[in-house]
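Undergrad: This is a predicted model, with the sequence first.
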Amino acid sequence: MGFHYINHLPSPEEIKESYPLPTEFKALKLERDQAISDVFTGASDKFLVIIGPCSADNEDSVSDYVNRLAKVQEKTKDRLILIPRIYTNKPRTTGEGYKGMLHQPDPEKKPDMLEGLIAIRRMHMKVLTETGLSTADEMLYPENLTYLDDVMSYIAIGARSVENQQHRLTSSACDVPVGMKNPTSGDLSVMLNSVVAAQQAHDFTYRGFEVKSSGNPLAHTILRGAVNKHGQCIPNYHFEDLFLLHEMYGRRNLANPACIVDANHSNSNKKYMEQIRISKEVLHSRRHAAEISSLVKGLMIESYIEPGAQKVGDGCYGKSITDPCLGWEASERLLYEIAELV
(Lines give C-alpha, C1' and ligand atoms only; values in the text may rest on other atoms or scores of the structure.)
Protein backbone atom coordinates (compact mmCIF):
# COMPACT_ATOMS: atom_id res chain seq x y z
CA MET A 1 0.00 0.00 0.00
CA GLY A 2 1.03 3.64 -0.43
CA PHE A 3 3.72 5.18 -2.61
CA HIS A 4 6.80 3.26 -3.66
CA TYR A 5 9.50 5.81 -4.44
CA ILE A 6 11.49 4.85 -7.54
CA ASN A 7 13.63 7.83 -8.54
CA HIS A 8 14.31 11.32 -7.28
CA LEU A 9 13.59 13.34 -10.41
CA PRO A 10 15.73 16.35 -11.32
CA SER A 11 14.16 19.78 -11.05
CA PRO A 12 13.22 21.76 -14.15
CA GLU A 13 16.22 23.99 -13.53
CA GLU A 14 18.54 20.99 -13.50
CA ILE A 15 17.06 19.55 -16.69
CA LYS A 16 17.29 22.94 -18.44
CA GLU A 17 20.91 23.33 -17.32
CA SER A 18 21.77 19.89 -18.69
CA TYR A 19 19.78 20.37 -21.92
CA PRO A 20 19.75 24.12 -22.58
CA LEU A 21 18.02 25.72 -25.52
CA PRO A 22 20.80 27.16 -27.70
CA THR A 23 21.00 30.93 -27.34
CA GLU A 24 20.44 31.57 -31.05
CA PHE A 25 16.99 29.94 -30.85
CA LYS A 26 15.72 31.92 -27.87
CA ALA A 27 15.02 35.00 -29.99
CA LEU A 28 13.35 32.85 -32.67
CA LYS A 29 11.06 31.32 -30.07
CA LEU A 30 10.07 34.78 -28.82
CA GLU A 31 9.34 35.88 -32.40
CA ARG A 32 7.05 32.89 -32.83
CA ASP A 33 5.36 33.65 -29.51
CA GLN A 34 4.65 37.20 -30.65
CA ALA A 35 3.33 36.13 -34.04
CA ILE A 36 0.95 33.65 -32.41
CA SER A 37 -0.09 36.16 -29.74
CA ASP A 38 -0.90 38.68 -32.47
CA VAL A 39 -3.45 36.26 -33.93
CA PHE A 40 -5.28 36.04 -30.60
CA THR A 41 -5.25 39.77 -29.97
CA GLY A 42 -6.39 40.58 -33.51
CA ALA A 43 -3.17 42.35 -34.48
CA SER A 44 -2.65 39.68 -37.17
CA ASP A 45 -5.22 38.13 -39.51
CA LYS A 46 -3.20 34.95 -40.00
CA PHE A 47 -4.84 31.62 -39.22
CA LEU A 48 -3.42 29.05 -36.81
CA VAL A 49 -3.21 25.34 -37.51
CA ILE A 50 -2.07 23.23 -34.57
CA ILE A 51 -1.26 19.97 -36.31
CA GLY A 52 0.63 16.77 -35.71
CA PRO A 53 0.45 13.27 -34.25
CA CYS A 54 -2.05 12.33 -31.58
CA SER A 55 0.98 11.33 -29.53
CA ALA A 56 4.64 12.10 -30.20
CA ASP A 57 5.89 8.56 -29.76
CA ASN A 58 9.15 8.40 -31.72
CA GLU A 59 11.79 11.10 -32.10
CA ASP A 60 12.85 10.10 -35.62
CA SER A 61 9.38 9.93 -37.18
CA VAL A 62 8.17 13.06 -35.38
CA SER A 63 11.24 14.96 -36.60
CA ASP A 64 10.64 13.64 -40.13
CA TYR A 65 7.01 14.78 -39.95
CA VAL A 66 7.79 18.29 -38.68
CA ASN A 67 10.54 18.80 -41.28
CA ARG A 68 7.87 18.12 -43.91
CA LEU A 69 5.56 20.52 -42.10
CA ALA A 70 8.21 23.24 -42.14
CA LYS A 71 8.28 23.19 -45.95
CA VAL A 72 4.51 23.76 -46.03
CA GLN A 73 4.88 26.56 -43.48
CA GLU A 74 7.34 28.35 -45.73
CA LYS A 75 4.91 28.18 -48.68
CA THR A 76 1.89 29.33 -46.62
CA LYS A 77 3.57 31.80 -44.25
CA ASP A 78 1.59 34.78 -45.56
CA ARG A 79 -1.67 33.19 -44.39
CA LEU A 80 -0.98 30.42 -41.88
CA ILE A 81 1.01 29.85 -38.73
CA LEU A 82 1.63 26.13 -38.26
CA ILE A 83 2.26 24.89 -34.72
CA PRO A 84 3.48 21.28 -34.47
CA ARG A 85 1.60 19.09 -31.98
CA ILE A 86 4.33 17.48 -29.89
CA TYR A 87 2.07 15.77 -27.35
CA THR A 88 4.34 13.90 -24.95
CA ASN A 89 1.89 12.94 -22.20
CA LYS A 90 -1.52 11.41 -22.86
CA PRO A 91 -4.62 11.28 -20.67
CA ARG A 92 -6.14 7.81 -20.64
CA THR A 93 -9.86 7.45 -19.97
CA THR A 94 -9.45 4.22 -18.00
CA GLY A 95 -5.82 4.70 -16.97
CA GLU A 96 -4.75 1.94 -19.35
CA GLY A 97 -2.58 2.12 -22.46
CA TYR A 98 0.33 4.22 -23.66
CA LYS A 99 0.60 7.37 -21.52
CA GLY A 100 3.08 9.16 -23.73
CA MET A 101 6.80 9.67 -24.07
CA LEU A 102 7.04 11.23 -20.62
CA HIS A 103 6.16 7.83 -19.15
CA GLN A 104 7.70 5.59 -21.82
CA PRO A 105 10.44 7.07 -24.01
CA ASP A 106 10.25 3.75 -25.86
CA PRO A 107 6.62 2.59 -26.10
CA GLU A 108 7.77 -1.04 -26.21
CA LYS A 109 9.73 -0.82 -22.95
CA LYS A 110 8.77 -0.29 -19.31
CA PRO A 111 8.00 3.21 -17.98
CA ASP A 112 11.02 5.36 -17.08
CA MET A 113 10.04 8.89 -16.17
CA LEU A 114 13.60 10.04 -15.52
CA GLU A 115 14.52 9.20 -19.09
CA GLY A 116 11.12 10.45 -20.17
CA LEU A 117 11.74 13.97 -18.87
CA ILE A 118 14.97 14.11 -20.84
CA ALA A 119 13.35 12.63 -23.95
CA ILE A 120 10.44 15.08 -24.08
CA ARG A 121 12.67 18.11 -23.63
CA ARG A 122 15.08 16.82 -26.27
CA MET A 123 12.22 16.24 -28.73
CA HIS A 124 10.67 19.69 -28.30
CA MET A 125 14.10 21.29 -28.70
CA LYS A 126 14.96 19.17 -31.73
CA VAL A 127 11.80 20.31 -33.51
CA LEU A 128 12.57 23.97 -32.81
CA THR A 129 16.26 23.79 -33.71
CA GLU A 130 15.76 21.71 -36.87
CA THR A 131 12.72 23.50 -38.29
CA GLY A 132 12.33 26.86 -36.54
CA LEU A 133 8.82 25.85 -35.49
CA SER A 134 8.11 26.16 -31.77
CA THR A 135 5.69 23.62 -30.43
CA ALA A 136 2.39 22.78 -28.74
CA ASP A 137 1.84 20.24 -25.99
CA GLU A 138 -0.94 19.34 -23.57
CA MET A 139 -0.57 20.36 -19.94
CA LEU A 140 -1.61 17.07 -18.41
CA TYR A 141 0.57 17.54 -15.31
CA PRO A 142 0.74 21.23 -14.26
CA GLU A 143 3.83 20.61 -12.12
CA ASN A 144 5.78 19.61 -15.25
CA LEU A 145 5.13 22.86 -17.15
CA THR A 146 8.49 24.42 -16.33
CA TYR A 147 10.44 21.55 -17.89
CA LEU A 148 9.26 22.81 -21.30
CA ASP A 149 8.01 26.39 -20.92
CA ASP A 150 11.01 27.88 -22.74
CA VAL A 151 10.39 25.82 -25.91
CA MET A 152 6.58 25.67 -26.23
CA SER A 153 4.48 28.39 -27.88
CA TYR A 154 1.04 26.86 -27.29
CA ILE A 155 -0.53 24.83 -24.49
CA ALA A 156 -3.80 22.90 -24.42
CA ILE A 157 -5.82 21.88 -21.37
CA GLY A 158 -7.69 18.66 -22.05
CA ALA A 159 -11.37 17.89 -21.63
CA ARG A 160 -10.74 15.86 -18.46
CA SER A 161 -8.51 18.54 -16.88
CA VAL A 162 -10.40 21.73 -17.68
CA GLU A 163 -12.34 21.79 -14.40
CA ASN A 164 -9.25 21.19 -12.29
CA GLN A 165 -8.19 24.12 -10.10
CA GLN A 166 -4.45 23.56 -10.46
CA HIS A 167 -4.68 23.50 -14.26
CA ARG A 168 -6.60 26.76 -14.25
CA LEU A 169 -4.25 28.52 -11.83
CA THR A 170 -1.09 27.30 -13.56
CA SER A 171 -2.54 28.50 -16.89
CA SER A 172 -2.85 31.97 -15.37
CA ALA A 173 0.96 32.05 -15.04
CA CYS A 174 1.72 31.05 -18.64
CA ASP A 175 3.02 33.67 -21.07
CA VAL A 176 1.82 31.83 -24.18
CA PRO A 177 -1.74 31.05 -25.34
CA VAL A 178 -3.50 28.34 -23.34
CA GLY A 179 -6.53 26.67 -24.92
CA MET A 180 -9.26 25.34 -22.62
CA LYS A 181 -11.17 22.43 -24.15
CA ASN A 182 -14.83 21.94 -23.43
CA PRO A 183 -15.34 19.04 -20.98
CA THR A 184 -16.49 15.68 -22.31
CA SER A 185 -20.02 16.60 -21.17
CA GLY A 186 -19.96 19.46 -23.68
CA ASP A 187 -20.89 22.20 -21.17
CA LEU A 188 -19.57 25.41 -22.73
CA SER A 189 -19.97 27.36 -19.49
CA VAL A 190 -17.41 25.09 -17.79
CA MET A 191 -14.92 25.85 -20.57
CA LEU A 192 -15.57 29.58 -20.33
CA ASN A 193 -15.26 29.49 -16.53
CA SER A 194 -11.77 28.06 -17.04
CA VAL A 195 -10.90 30.97 -19.33
CA VAL A 196 -12.21 33.43 -16.72
CA ALA A 197 -10.03 31.78 -14.07
CA ALA A 198 -6.93 31.64 -16.27
CA GLN A 199 -7.19 35.29 -17.26
CA GLN A 200 -7.11 36.42 -13.62
CA ALA A 201 -4.17 36.81 -11.23
CA HIS A 202 -3.91 34.23 -8.45
CA ASP A 203 -1.92 33.24 -5.38
CA PHE A 204 -1.37 29.48 -5.15
CA THR A 205 1.14 26.74 -4.40
CA TYR A 206 3.42 25.38 -7.12
CA ARG A 207 6.23 22.85 -6.73
CA GLY A 208 6.61 23.60 -3.01
CA PHE A 209 6.46 27.41 -3.30
CA GLU A 210 3.83 30.03 -2.70
CA VAL A 211 3.57 31.83 -6.04
CA LYS A 212 1.63 34.67 -7.61
CA SER A 213 0.51 34.76 -11.23
CA SER A 214 -0.36 37.83 -13.28
CA GLY A 215 -3.18 36.29 -15.34
CA ASN A 216 -3.07 35.12 -18.95
CA PRO A 217 -5.02 37.33 -21.40
CA LEU A 218 -4.34 34.76 -24.15
CA ALA A 219 -6.38 32.01 -22.47
CA HIS A 220 -9.13 30.92 -24.88
CA THR A 221 -11.51 28.10 -25.78
CA ILE A 222 -11.17 24.89 -27.80
CA LEU A 223 -14.26 23.11 -29.12
CA ARG A 224 -13.62 19.35 -29.30
CA GLY A 225 -17.11 17.87 -29.35
CA ALA A 226 -18.88 16.10 -26.49
CA VAL A 227 -20.23 12.72 -25.39
CA ASN A 228 -23.80 12.26 -24.15
CA LYS A 229 -25.02 9.90 -21.42
CA HIS A 230 -25.39 7.10 -23.96
CA GLY A 231 -21.74 7.41 -25.03
CA GLN A 232 -22.63 8.98 -28.37
CA CYS A 233 -20.47 11.77 -29.80
CA ILE A 234 -22.05 15.20 -30.22
CA PRO A 235 -20.16 17.61 -32.52
CA ASN A 236 -19.92 21.30 -31.64
CA TYR A 237 -18.17 22.77 -34.70
CA HIS A 238 -21.31 23.70 -36.67
CA PHE A 239 -22.27 27.30 -37.47
CA GLU A 240 -24.87 27.36 -34.69
CA ASP A 241 -22.34 26.15 -32.11
CA LEU A 242 -19.81 28.77 -33.12
CA PHE A 243 -22.39 31.55 -33.04
CA LEU A 244 -23.62 30.41 -29.62
CA LEU A 245 -20.05 30.54 -28.29
CA HIS A 246 -19.69 34.03 -29.75
CA GLU A 247 -22.83 35.12 -27.87
CA MET A 248 -21.65 33.49 -24.62
CA TYR A 249 -18.33 35.31 -24.89
CA GLY A 250 -20.30 38.53 -25.31
CA ARG A 251 -21.91 38.05 -21.90
CA ARG A 252 -18.54 37.82 -20.15
CA ASN A 253 -15.84 40.41 -19.66
CA LEU A 254 -12.97 38.48 -21.23
CA ALA A 255 -9.90 39.67 -23.06
CA ASN A 256 -9.30 38.49 -26.61
CA PRO A 257 -12.37 36.28 -27.28
CA ALA A 258 -11.06 33.39 -29.36
CA CYS A 259 -11.73 29.79 -30.24
CA ILE A 260 -9.78 26.94 -31.81
CA VAL A 261 -11.82 24.12 -33.34
CA ASP A 262 -10.49 20.60 -32.76
CA ALA A 263 -11.46 18.72 -35.91
CA ASN A 264 -10.93 15.26 -34.38
CA HIS A 265 -11.95 13.63 -31.08
CA SER A 266 -15.70 13.86 -30.45
CA ASN A 267 -16.20 16.30 -33.32
CA SER A 268 -15.23 13.60 -35.81
CA ASN A 269 -16.23 10.62 -33.65
CA LYS A 270 -12.55 9.71 -34.18
CA LYS A 271 -13.22 9.11 -37.88
CA TYR A 272 -9.98 10.78 -38.82
CA MET A 273 -10.77 11.46 -42.48
CA GLU A 274 -13.74 13.58 -41.37
CA GLN A 275 -11.21 16.19 -40.22
CA ILE A 276 -10.96 17.34 -43.85
CA ARG A 277 -14.68 18.01 -44.18
CA ILE A 278 -14.95 19.54 -40.70
CA SER A 279 -12.06 21.93 -41.35
CA LYS A 280 -13.70 23.14 -44.56
CA GLU A 281 -17.07 23.58 -42.87
CA VAL A 282 -15.51 25.72 -40.14
CA LEU A 283 -13.80 27.88 -42.75
CA HIS A 284 -17.13 28.24 -44.59
CA SER A 285 -18.76 29.43 -41.35
CA ARG A 286 -15.98 32.01 -40.93
CA ARG A 287 -16.63 33.35 -44.42
CA HIS A 288 -20.38 33.44 -43.80
CA ALA A 289 -20.37 35.52 -40.58
CA ALA A 290 -17.98 38.22 -39.43
CA GLU A 291 -18.67 37.31 -35.79
CA ILE A 292 -17.40 33.77 -36.37
CA SER A 293 -14.49 34.97 -38.47
CA SER A 294 -13.27 37.15 -35.61
CA LEU A 295 -13.83 34.39 -33.03
CA VAL A 296 -12.34 31.29 -34.71
CA LYS A 297 -8.58 31.77 -34.81
CA GLY A 298 -7.53 28.32 -35.91
CA LEU A 299 -7.94 24.57 -36.21
CA MET A 300 -6.45 21.62 -34.38
CA ILE A 301 -5.81 18.58 -36.58
CA GLU A 302 -4.35 15.14 -35.79
CA SER A 303 -1.95 14.12 -38.53
CA TYR A 304 1.10 11.90 -38.97
CA ILE A 305 3.08 10.33 -41.81
CA GLU A 306 0.90 7.24 -42.32
CA PRO A 307 -2.91 7.35 -42.04
CA GLY A 308 -4.87 5.57 -39.32
CA ALA A 309 -3.52 3.94 -36.17
CA GLN A 310 -1.69 0.81 -35.07
CA LYS A 311 -1.06 -1.10 -31.88
CA VAL A 312 2.17 -0.65 -29.96
CA GLY A 313 4.74 -2.99 -31.46
CA ASP A 314 3.20 -3.24 -34.93
CA GLY A 315 6.23 -1.39 -36.26
CA CYS A 316 4.79 0.85 -38.99
CA TYR A 317 6.99 3.96 -39.22
CA GLY A 318 5.13 7.22 -38.69
CA LYS A 319 1.76 5.70 -37.79
CA SER A 320 -0.11 6.68 -34.62
CA ILE A 321 -0.19 4.29 -31.67
CA THR A 322 -3.06 6.21 -30.03
CA ASP A 323 -5.92 7.89 -31.96
CA PRO A 324 -5.98 7.49 -35.77
CA CYS A 325 -4.55 10.42 -37.74
CA LEU A 326 -4.62 11.80 -41.25
CA GLY A 327 -1.67 10.65 -43.34
CA TRP A 328 0.89 13.09 -44.71
CA GLU A 329 -0.42 13.34 -48.28
CA ALA A 330 -3.95 14.20 -47.14
CA SER A 331 -2.58 16.57 -44.49
CA GLU A 332 -0.37 18.47 -46.92
CA ARG A 333 -3.23 18.84 -49.39
CA LEU A 334 -5.57 20.04 -46.62
CA LEU A 335 -3.09 22.65 -45.37
CA TYR A 336 -2.80 24.19 -48.84
CA GLU A 337 -6.60 24.20 -49.13
CA ILE A 338 -6.93 25.90 -45.74
CA ALA A 339 -4.45 28.56 -46.88
CA GLU A 340 -6.63 29.24 -49.91
CA LEU A 341 -9.87 29.38 -47.93
CA VAL A 342 -8.95 31.61 -44.97
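TA: That came through fine.

Undergrad: which stretches of this structure have low pLDDT?
TA: 1 (pLDDT under 70).

Undergrad: Mind doing that once more with 80?
TA: Along the chain, segments meeting pLDDT under 80 span 1-2, 92-96.

Undergrad: So which residues of it form strands?
TA: Using DSSP state E, the strands of the chain run over residues 47-52, 80-84, 135-138, 152-157, 178-181, 203-206, 209-212, 220-223, 226-227, 233-234, 259-262, 296-302.

Undergrad: Kindly compare burial across those and name the winner.
TA: Comparing those by mean neighbour count (mean count of other Cβ atoms under 10 Å), strand 178-181 ranks first with a mean of 28. For glycine as for every other residue, the C-beta is placed from the backbone atoms N, C-alpha and C.

Undergrad: Mind giving me the packing neighbours of that strand?
TA: If contacts are counted by 3 or more Cβ pairs under 8 Å, 6 or more residues apart in numbering; DSSP states H and E, strand 178-181 sits against strand 152-157, helix 188-199, strand 220-223.

Undergrad: can you give me how far the last one is from the chain middle?
TA: Meaning strand 220-223. 11 Å (Cα atoms, centre = their mean, to the nearest Å).

Undergrad: got it, and the second one?
TA: Taking Cα atoms, centre = their mean, the mean C-alpha location of helix 188-199 is offset from the chain mean by 17 Å.

Undergrad: Leaving out sequence neighbours, find the closest residue to Arg287.
TA: Leaving aside its sequence neighbours, Arg287 sits nearest to Ser293 (Cβ to Cβ, 6 or more residues apart in numbering; 7.1 Å).

Undergrad: Correct me if wrong: that neighbour contacts Val282.
TA: No - taking contacts as Cβ atoms under 8 Å, Ser293 lies outside contact range of Val282: 10.6 Å.

Undergrad: And those two? Which one has more around it.
TA: Using other Cβ atoms under 10 Å, the more surrounded residue of Ser293 and Val282 is Val282, with 25 against 16.

Undergrad: who does the nearest residue to the more buried one once chain neighbours are set aside bridge with?
TA: Excluding the flanking residues, the one nearest Val282 by Cβ to Cβ, 6+ apart is Val261, at 5.0 Å. Beta bridges link Val261 to Leu223, Leu299, judged by DSSP bridges.

Undergrad: these two touch, right, Val261 and Glu281?
TA: No - using Cβ under 8 Å, Val261 makes no contact with Glu281, being 9.4 Å away.

Undergrad: Overlap of the contact sets of those two?
TA: Tyr237 (Cβ atoms under 8 Å, 6 or more residues apart in numbering).

Undergrad: got the residue ranges for the helices in the protein?
TA: All helices of the chain, identified by DSSP state H, fall at 12-18, 23-41, 59-76, 113-131, 165-171, 188-199, 239-250, 274-288, 290-295, 328-341.

Undergrad: Save the strands of the chain as a markdown table, and put in distance to Gly327 too.
TA: Output for these, formatted as a markdown table (distance: least, Cβ to Cβ, whole Å):
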| stretch | distance to Gly327 |
| --- | --- |
| strand 47-52 | 13 |
| strand 80-84 | 16 |
| strand 135-138 | 20 |
| strand 152-157 | 23 |
| strand 178-181 | 25 |
| strand 203-206 | 40 |
| strand 209-212 | 43 |
| strand 220-223 | 24 |
| strand 226-227 | 26 |
| strand 233-234 | 22 |
| strand 259-262 | 19 |
| strand 296-302 | 11 |
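
Undergrad: Kind regards, and thank you for your time.
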